[in-house]
Structure formats: C-alpha cells, structure tokens
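**Student:** Coordinates for the following, if possible.
(chains A and B)
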Amino acid sequence: MTRELDDLILRLRANERELGTWVIRTKGEVEDALAFERVIARYSGEDWLVNEIRHYFKRVLKRLDVTSRSLIALIEPGSCFAGALLELALACDRQYMLDGFLEEDSQEGEPAQIVLSESNFGTFPMGNGLSRLASRFYGDDDHVAKLRQETGRRIDAAEALELGLVTDAPDDIDWEDEIRILLEERAALSPDALTGMEANHRFVGPETMETRIFARLSAWQNWIFVRPNAAGPDGALRRYGTGRRADFDRRRV
Amino acid sequence: MSIDYSEKIPNNVDLAGDRKLQRALESWQPNFLNWWKTMGPAVPTEDVYLRTAVAVGREGWAHFDHVPMDEYRWGVFLAERNTDRRIAFGEQKGEPVWQQVPGEYRADLQRLIVIQGDTEPASVEQQRRLGETAPSLYDLRNLFQVNVEEGRHLWAMVYLLHAYFGRAGREEAEALLHRNSGDIDSPRILGAFNEETPDWLSFFMFTYFTDRDGKYQLGTLKESAFDPLSRTCEFMLKEEAHHMFVGTTGIDRVVARTAELMREHDTDDIAPHGGIPLDVIQKYINFHYTVSLDLFGSERSTNAANYFTAGLKGRWQEERRKDDHVLTEDAAHIDVVRDGEITTDEVSALLALNHDLRREYISDCETGLKRWNRVLEKGGIGRRLYLPHVGFNREVGLFADHHVTPKGDLVGADVWEANRDRWLPSEADKTHVRSLMRPVYEPGKISGWIAPPSKGINEKPVDYEYVHFP
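**Tutor:** Take a look at the predicted model:
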C-alpha cells in the first residue's frame, strides 16, 4: 500500500498539475489496520524489513506534508483511519467525518470511527520533528496528553469533532452539500495562495533544516505575491477593486 | 403551478419528497410562530380579510377570505421554472443558470439572502403597534396583509437557506428570528429597519419609499444566476406590489385630506383642524426617502461589481437593457463632492451599479410625487411636494460626510443643524402626528386626518367589515 501510495503521489504531482485538490479515503477493517500496526511495533528495531517498511511509510507521509495540493480526508463508514492510517487524515488540510449513515447506504455495520494509537504520537514525525498531532495542537501539550489517554478505543464523529481531530462532522442531511461546496470553494481560490496557506498551516513551530528547504518557507508570501496569479495582468492583485475576477493559472507548483 | 395546501407547510417545492428540507423547515416553523406571537401585530383580532397565495401562475394566484392571523398559511412558493433560462450578465453570461449554489459563491450568496431575509421580519416588528391606532378597518386590514406577506417573504428566504446552504444556512435562519428591530444588543442588519414606525404617516411613507427599495433589490436578485433565488424573488415581487399600493394610495389620501382642510379653512396651518400640514408631509418624505436611499449602499461599490461579474445580482430589468451585459469596457458617472462642490466623476460602469439601481428607484419615486401633486392641483392648492436632493441627510455613500440641503446646496454643519427641524420631522411635528393617531374600528368610518379610500379590497365595499375583533 505504501509503495502504491508513493507512486500515486509522485504521478499526480508530476503529471496532473491542474488537479489541485486530492481527496483521501480509506477502506477496510479497523481491526486489520491495528493488527498490522502491532506487528510493525513488535518487530521494530530488530527486523530490517519491518524497519524499512516503517521508515518508508514515514517518508511517504512526509511527501504528503510537502505536497502543494489541497488535501481533504473523507472519513466515512467502512473506512479504516486507525493508528498509522489515521496519519493520512492528519496529514490533510481538512478532515470531514460523516456522523451516522447516508440514507441511501445500507446502514449496516458501524458508522465511521477513528482510532488513535501509539503511532500517532511520534512514530511518524513530520519534517519539523513533531508528530502530526503535536503540530495540530502546537502549544497545547495538555490536549495532546489528553488525546494519548484516548488511544485504542473507537471514536465516533461527534466525539472526534469535540476532540478537535476532525474539521467538521456533518450528518447525512448535510454531508453531500457540504462536501461538494467545500471542494468547489477550494477549487475557486488562487492555487498559489492555497499552496502558501496550506504549507503554513501544516508546518507550525520549530524550523529544521528539512523544513527550511521543503516546508512553509518555500511558499512564503513574497513568493505568492510575485507569481503571475497575483501580480500578472489578470492576477488577483491587479484585478482587485475593479469588479473583475482574476484569471488563474490552475497549475500547482 | 399549484400549491399543495394539504401540507403542514403549503408549498410548490415538493416538500413532501424532500426529507432534508422537511426536517429543517418543520423545526423552524414553531420558532417562527413563536416569533409571530411575540413580535407580530399587537392588536388581538378574531380574523382578517386576507389574501393568500394559492398558485404561482399568471392567472388567479391569490385567494381572499377571513382568516385568523396566526392560522395564515405561510409557505414556500417559487415562480415557475424556465428550463431554458441562461445567465443574462457577467462573466458567465450565456451559460445555463445554476440549480445549486456553486461553492465559489456560497459565502456571497448566503450573505445576500441573509440581508434580504433580515428586512422582512424587521418591518413586521417595526409595525407591531400600528394596529392600535388604525384610521379605519380598511387600513388595518392592509397593515395586516403587509405583515403576513412580509412574514411569508421571510419564509421564502429561509427556504433558500435551508435548502441550499446546509448547516450554516440553518444557523442563519435561526438568527433571522433572534435579531430584532431596534434591539440594542442584536439589531437588524440595515439601519432603516431599526427606525421606528410610530405612526400611520410613517407607515405609508415606509411602504412607499422603503418597500420600494425592497422591490428594486428583489428585482436585481430576480436576475440572479442562482435560479432558485431568482424564482423566489420573482414571486415575492408580485406580493410586494400590494405593499407599495398601500403606500401610494395612503399618501394620496393623506394629501387629499390635507388639501381639503386647507381649502375649507383657507390656511396652510391645518394642524389645529386635525390635519397633517403639507410641510410635515414634505418633511416625512425628506426623511423616509433619504434613509431609503442609504439602503442602496455606496455609489461606488466593489461588492456590487463583484456580485455582477459573478452573476449573483444583476441590474434592474437586466435583460431589457441594450448593452453587452458584461460592462468591463463601459463607464458611468457618479456624484461626488470635490473642493466644496458637488460634481461628477467618471468610473467603470461595474463600480457604479448601486448608483445605477438607485437612479431607477429615484425615477420610480418621482411618479408618486407627480401623483400627489396632481391631487394637490385637483384640490386647488398651489403648493407642490418634491423629492429632496440625493445628497440630503445621507449616512451611507459619498455624501455621508457632507451636509447637503434638500435643494442640493453644500452647507456647513452649523447651517444644517440650524435648519434640521425645517427639513426633517421635528419633535413637535411627530407629536402632532401622533396626537392624530386614534383608532377607528367601525366599518365604513375613517379618521379625520385622512381621506377615505376610493374603493375597497377585492371588489368589496369600503364599509365592509374587513377585520373582526374577538
């Protein structure tokens, strides 16, 4: 899975530059995800293959962190955002979790759930040296400590929202519209401005050599302002106040 | 298209088949009724001879009958859909209209709908106590008709919020019931809707000038590329026409009575004879006209330009206009104050859209003035009523920081203050008008400060018992 994901990220980044929004979903058994993770944890440090797999997944997650695309996680019934796979959602700019079932769905099984595990507290650090949760709740160590006590159990949508683990948790009445509008809203904004905003939201706090090169400093505001999407003849800055809309080059850089 | 009255909420939007909408509207309805009971008309009535919308087609859309007011059938009615409709203006001109809110414009459309929606219940709140001093049953009935229809217009906007704006829309729909006109902590959004409507002259002025602003705002939203908004506003305009009729004929009758008293007593000062002097009518016009001009926003507006380019809000009668409907190359002139003089500036036509709409409004307002002056002429009175200069008494737009007389002269703050009571209703004027406000609830009888209507409602005689009291 890691290899396929890595491959996909690179393909989309290099070949599909106008696809500015990626939606990340998972599908599978939460239990399987957690069981696999236990194997990794059990042999980590002593088995070279297990080590390689762990580091490989860490690097792929880092790739997501520095991807200049809007990343949206949709957490729906039948998904398996648990432990290491929850990192995929946490790497996203926004997480939407369906509260309950969609009416047209079978309504069997469990509604969407997520599970925190040890993997979410430092096993897969970002380029700034922090876990994604520590980045998300930067400066609020108490909350991270509180989350640590929630590991291993299934967290439903309402609770995930309360714990700050997801952006929103619409129910079936709102789900379809909210997701559609959210995606359209993002797609309408300046791609460069989004790249800058997203990089800045993903990487908080400390800079490391790695983040200086790959993270938010590469998309600082001076860069956004000199891009044609801002300063060009049809850019947002030149069109501002005229009542005319900016014309954006949709390719992500 | 007919309206389904078998439903708890009459509608022509297939509410029965839309579970989401049902849940949202049905939970909002009790709150609406609660609001109506606490903030709606204060005079207790048994039933009122009201018009209820029953269909949205061209023929026979309304039904008249005596109805207990809190059983009025508020509901959701959209004008019929034109399946070939295309966007008439802006960047996306020529493309099919939208049946869903495009994500890109969600925030802007929601804002436009909330602002429009906020004015509807506001006027009901402003007019809450007027029934206590109605000059006749006929007028009382008209007041209630306006009130229930403003209530329905609130429904129309709430429908859009519920059907198309998700959770945020539902929250905004609730908030429409929580803001109240004149409330210090949570006032209505627009200034004119926090002013009092303390007497019937104000009411007629409000329905003439302020509801007419509503007509023009609805007219621009009727052009919207967001089709459900367009269809909603189209139907609202139909009901709105009656509100302006109430204003126009109301002022007609006040002017007619004033002229009569002036002739009878051969004096301008008819206050001692129980009339409203012409000067006072003029001051009321000055006030209501200018606060209504403020509702059009600044003459030079980037927001209006953006709304137009995006296709959210068009111009008045957009499709009848003979230009490119994109306006990026056109210019317009707007009034500005420069070096102590009122002059004009040339700006991009896109930036002058509020000004454009206001111009349409002003020329519409002038027809009323002509009408009332004809009444004066017929009554043998030499004096005439007029609209003050657009810069007079303004708090919004390019004249907001200047003092302009009704004739259009730029003056200092001291001159303006010294003459304020000559131009705007003074405390004494308001007190006098209020002193005339005594209810007349006997069928066919009318208060002494206003002439009787020339005919009744829906072919009924003027002395018909339009309102029954408990």
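**Student:** quick check: domain ranges of chain A?
**Tutor:** Listed domain ranges for chain A are A:2-186, A:190-239 (source: automatic domain parsing).
**Student:** and B:V43, which of those is closest to it?
**Tutor:** Between B:V43 and the domains of chain A, the tightest spacing by C-beta to C-beta is seen for domain A:2-186, at 39.5 Å. All C-beta spots, glycine's among them, are computed from the backbone N, C-alpha and C.
**Student:** Span of the closest one from start to end?
**Tutor:** Domain A:2-186 has an end-to-end distance of 27 Å (criterion: C-alpha to C-alpha, to the nearest Å).
**Student:** and that domain, average pLDDT?
**Tutor:** Rounded to a whole number, the mean pLDDT of domain A:2-186 is 95.
**Student:** Please state the offset of it from the chain centre?
**Tutor:** Chain-centre distance of domain A:2-186: 7 Å, with C-alpha atoms, centre = their mean, to the nearest Å.
**Student:** That domain near chain B anywhere?
**Tutor:** Yes - using C-beta under 8 Å from any C-beta of the partner chain, domain A:2-186 reaches chain B at A:103, A:170, A:173-174, A:177-178, A:180-186.
**Student:** now do the same end-to-end measure for stretch A:119-137.
**Tutor:** First-to-last residue span, stretch A:119-137, C-alpha to C-alpha: 16 Å.
**Student:** Next to chain A, which bits of the stretch 1-150 of chain B? Give me the list.
**Tutor:** B:R19, B:K20, B:R23, B:A24, B:E91, B:Q100, B:V101, B:P102, B:G103, B:E104, B:R106.
**Student:** Quick one: low-confidence residue ranges for chain B.
**Tutor:** Across chain B, the ranges flagged by pLDDT under 70 are B:1-3, B:5-6, B:57-60.
**Student:** which residues sit in contact with the residue nearest to the spatial centre of it?
**Tutor:** The centroid of chain B falls nearest to B:D211 when counting by C-alpha atoms, centre = their mean (1.6 Å). Going by C-beta atoms under 8 Å, 6 or more residues apart in numbering or on different chains, B:D211 touches B:S123, B:E240, B:H243, B:M244, B:G247.
**Student:** Put the buried members of the residues of domain A:2-186 next to chain B into a ChimeraX selection.
**Tutor:** Provided next is the ChimeraX selection string for whichever of the residues of domain A:2-186 next to chain B are buried by 16 or more other C-beta atoms under 10 Å in any protein chain shown:
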select /A:170,173,174,177,178,181,182,183,184,185,186
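**Student:** of all the residues of domain A:2-186 next to chain B, which comes closest to B:H63?
**Tutor:** Distances from B:H63 to the residues of domain A:2-186 next to chain B, taken by C-beta to C-beta, are shortest for A:I173, at 33.5 Å.
**Student:** Let me see the backbone angles for that closest one.
**Tutor:** The phi/psi pair for A:I173 (degrees, to the nearest 10) reads phi -60, psi -40.
**Student:** Can I take it that B:T344 is in a helix?
**Tutor:** No - judged by DSSP: H, G, I helix; E, B strand; the rest coil, B:T344 forms no part of a helix; its state is strand.
**Student:** residues near it, how many?
**Tutor:** A count of nearby residues for B:T344, using other C-beta atoms under 10 Å in any protein chain shown, gives 11.
**Student:** if we can go back for a sec, helix or strand for the residue nearest to the centre of chain B, which one?
**Tutor:** B:D211 is located in helix B:211-222, with elements delineated by DSSP states H and E.
**Student:** which helices and strands does the helix or strand just after that helix pack with?
**Tutor:** Where DSSP H and E defines the elements, the next helix or strand beyond helix B:211-222 is helix B:227-265. Where contact means 3 or more C-beta pairs under 8 Å, 6 or more residues apart in numbering or on different chains; DSSP states H and E, helix B:227-265 is packed against strand B:47-53, helix B:106-126, helix B:137-164, helix B:200-205, helix B:211-222, helix B:278-294, helix B:353-378.
**Student:** Tell me the buried residues in helix B:227-265?
**Tutor:** Here helix B:227-265 shows B:227-240, B:242-244, B:246-262 as buried, counting by 16+ other C-beta under 10 Å.
**Student:** still on that earlier bit, with distance to A:F36 as added columns, please give the helices and strands packed on helix B:227-265 in TSV.
**Tutor:** Output for the helices and strands packed on helix B:227-265, formatted as TSV (distance: least, C-beta to C-beta, whole Å):
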stretch	distance to A:F36
strand B:47-53	62
helix B:106-126	40
helix B:137-164	43
helix B:200-205	74
helix B:211-222	56
helix B:278-294	66
helix B:353-378	60
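**Student:** Could you dump the contacts of B:D211 into JSON lines with distance to A:E46 added?
**Tutor:** As requested, the contacts of B:D211 are exported to JSON lines (distance: C-beta to C-beta, whole Å):
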{"residue": "B:S123", "distance to A:E46": "77"}
{"residue": "B:E240", "distance to A:E46": "79"}
{"residue": "B:H243", "distance to A:E46": "82"}
{"residue": "B:M244", "distance to A:E46": "85"}
{"residue": "B:G247", "distance to A:E46": "87"}
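**Student:** tell me the two of these that are most distant?
**Tutor:** Across those (C-beta to C-beta), the longest gap, 12.8 Å, separates B:S123 and B:M244.
**Student:** hmm, back to that, distance to B:F399 for the domains of chain A - can I get that in TSV?
**Tutor:** Shown next, in TSV, are the domains of chain A (distance: least, C-beta to C-beta, whole Å):
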stretch	distance to B:F399
domain A:2-186	37
domain A:190-239	28
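**Student:** Chain neighbours aside, what residue packs nearest to whichever residue of the stretch 51-200 of chain B sits closest to chain A?
**Tutor:** In the stretch 51-200 of chain B, the residue that lies nearest chain A is B:G103 (2.5 Å; C-beta to the nearest C-beta). Spatial nearest neighbour of B:G103, chain neighbours left out: A:E184 (2.5 Å); criterion: C-beta to C-beta, 6 or more residues apart in numbering or on different chains.
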